[in-house]
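K.L.:
Sequence first, then the predicted structure:
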Amino acid sequence: MEAKETNINGVFLIKPQVFEDNRGYFFENFNSNKFNEATGLDVHFVQDNQSLSSKNVLRGLHFQHPPFAQAKLVSVIKGEVLDVVVDIRKESDTYGEYVAAYLTEKNHHQLYIPEGMAHGFLTLKDDTIFAYKCSNYYHKDSEDGIIWNDSNLNIGWNIKNPLVSEKDQLMQNFSSFVSPF
């Protein structure tokens, strides 16, 4: 496993070691010891989530307020996504900046997202299956988000009219956002 820190402190692009032959492939999707050693972190995941989406579905930008904040390890089982993480930690040097990564069923890459980040993704293929491990349980009253197309964030989604839930269309702008982190 290779863990490469991105331009946002604490966000890692994870590249597992994949063994391929004429039968297909095999890799460890997650190994706690190897993950913690590669990242220098001590993360414990308590919940796994999975979603199925058609092409051009945009989910996000989501987070949970403390004390229910979540770190996540996200990956694609089938399909392809543009995965985006926005730093919403007030004291961070990269506050308001984002990192984007292509996660696909072919590259098997994962993105580790620490607490204090807003997260979203855009599906680039039909029937995309997205999986994520969470370090804390879902808590409905703590969920929040930032509007996906906020002009201050200027995220390069490269799509004008994605399929977005009604809830995600009503998220707050970054300029009026008061970070709990």
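P.N.:
That came through fine. Bear in mind that the values here come from a model prediction, so they are computed numbers and not experimental data.

K.L.:
The closest residue to residue 97 other than its chain neighbours: neighbour count?
P.N.:
Nearest non-adjacent residue to residue 97, counting by CB to CB, 6 or more residues apart in numbering: residue 87, 5.5 Å away. Backbone N, C-alpha and C define where each C-beta goes, glycine included. Residue 87 has 24 neighbours, counted by other CB atoms under 10 Å.

K.L.:
Was I right to think residue 87 contacts residue 96?
P.N.:
Yes: taking contacts as CB atoms under 8 Å, residue 87 lies within contact range of residue 96: 6.8 Å.

K.L.:
Kindly format the C-alpha coordinates of the longest helix that the chain contains as CSV.
P.N.:
Taking DSSP state H as the assignment, the helix of the chain that covers the most residues is helix 32-39. Extracted C-alpha coordinates of helix 32-39, given in CSV (Å, rounded to 0.1, in the frame of the first residue of the first chain):
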residue,chain,number,x,y,z
SER,A,32,-5.8,-1.5,9.6
ASN,A,33,-2.2,-2.1,10.5
LYS,A,34,-0.9,-1.3,7.0
PHE,A,35,-3.1,1.8,6.7
ASN,A,36,-2.0,3.2,10.0
GLU,A,37,1.6,2.5,9.3
ALA,A,38,1.4,4.1,5.8
THR,A,39,-0.4,7.2,7.0
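
K.L.:
tell me the contacts of residue 99?
P.N.:
6-8, 11, 84-85 (CB atoms under 8 Å, 6 or more residues apart in numbering).

K.L.:
Quick check: pLDDT value at the residue nearest to residue 97.
P.N.:
Model confidence at residue 87, given as pLDDT, is 98.

K.L.:
and what of the one 5 residues further on?
P.N.:
At residue 92 the predicted local confidence, pLDDT, stands at 97.

K.L.:
What values do phi and psi take at it?
P.N.:
Phi and psi for residue 92, reported as degrees, to the nearest 10, are phi -80, psi 140.

K.L.:
does the residue lying closest to it once chain neighbours are set aside sit in a helix, a strand or a coil?
P.N.:
Closest residue to residue 92 apart from its sequence neighbours, by CB to CB, 6+ apart: residue 9 at 6.7 Å. Under DSSP: H, G, I helix; E, B strand; the rest coil, the three-state class of residue 9 is coil.

K.L.:
Lovely, talk soon.
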